[in-house]
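Asker: sequence and predicted structure are below.
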Amino acid sequence: MQSIFPAKFAGTAVTVKLVRHEGGTSADLSGMLSAIDTGKAGSVYVMAVEDGADIAGMGGLMGTAMFARGFKGAVIDGGVRDLPQLKRIGFPVYALGPVPSTSVGHYRFGGSNIAIVCDGITVNPGDITAADLDGVVVVPRARAAEILVAAEKLDSTEHATLPFIEKFRSIQEAVAQFGRI
């Protein structure tokens, strides 16, 4: 998964699944559009495109609709297209990569707000999905408080370790002092 446009965002997952279906029409994909139109501001659109590295799960029209509805970003386990439009509106997308293709005629809607597997990770509707320059993380809603405490502790330790390494110029001493790398 790569950042198509670097950005930091977090929100609750709206999940969508596309499955292979050759010879269909755009009507076969109407459910993925409905997921956008019924999504709430602050959501993150998370889509699994079955065997979709060479197929765009979304493009400029869908990104513009998400942006207009207040979505924070999109995570697509598949390709993405219409990069100039997405860049123009500043809508952040993480995907397998840019592709010129479309899902119309090759896929059908397989469900929304269901558990999906996105880039090997199970994502449930409502899970907290966050992204930054390092990548994407999914936090199960039921464990959010516990994971937040652990993440804050880790972040604090790392930020305390950096000046130590700069001062003593030794990562081995820093690991001995702080207990982690």
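Answerer: Structure received.

Asker: which residue sits closest to Asp127, ignoring its sequence neighbours?
Answerer: In space, and not counting its chain neighbours, Asp127 is closest to Ala13: 4.7 Å by Cβ to Cβ, 6 or more residues apart in numbering. For the C-beta atoms, the positions are set from N, CA and C on the backbone; glycine is no exception.

Asker: distance check, the one you found against Ser43.
Answerer: 7 Å (Cβ to Cβ, to the nearest Å).

Asker: A strand includes Arg88, no?
Answerer: No. Applying DSSP: H, G, I helix; E, B strand; the rest coil, one finds Arg88 to be helix, outside a strand.

Asker: quick one: contacts for it?
Answerer: Under the criterion of Cβ atoms under 8 Å, 6 or more residues apart in numbering, Arg88 has no neighbours.

Asker: check the gap between it and Arg69 for me.
Answerer: 17 Å.

Asker: check which helix or strand His65 maps to.
Answerer: In this structure residue 65 is Ala, not His. Element membership for Ala65, per DSSP states H and E: helix 60-69.

Asker: buried stuff in the helix or strand following that helix?
Answerer: Next helix or strand after helix 60-69 toward the C-terminus (DSSP H and E): strand 73-80. Across strand 73-80, burial judged by 16 or more other Cβ atoms under 10 Å covers Gly73, Ala74, Val75, Ile76, Asp77, Gly78, Gly79, Val80.

Asker: strand partners of strand 73-80, parallel vs antiparallel please.
Answerer: The pairing partners recorded for strand 73-80 under DSSP bridges are strand 43-49 (parallel), strand 56-58 (parallel), strand 93-98 (parallel).

Asker: helix 60-69 and that one, what's the angle between them?
Answerer: 180 degrees (axes from the mean of the first three to the mean of the last three Cα atoms, to 10 degrees).

Asker: so how far is strand 73-80 off the chain centroid?
Answerer: Per Cα atoms, centre = their mean, to the nearest Å, the displacement of strand 73-80 from the mean C-alpha position of its chain is 7 Å.

Asker: quick one: mean pLDDT for it?
Answerer: Averaged across strand 73-80, pLDDT comes to 97.

Asker: ok, and what's touching the helix or strand of the chain with the lowest mean pLDDT?
Answerer: Ranked by mean pLDDT, DSSP states H and E, the weakest helix or strand in the chain is strand 2-3, scoring a mean of 78. Outside strand 2-3, the residues that touch it by Cβ under 8 Å, 6+ apart are Pro92, Val93, Tyr94, Ala95, Leu96, Gly97, Ala131, Leu133, Gly135.
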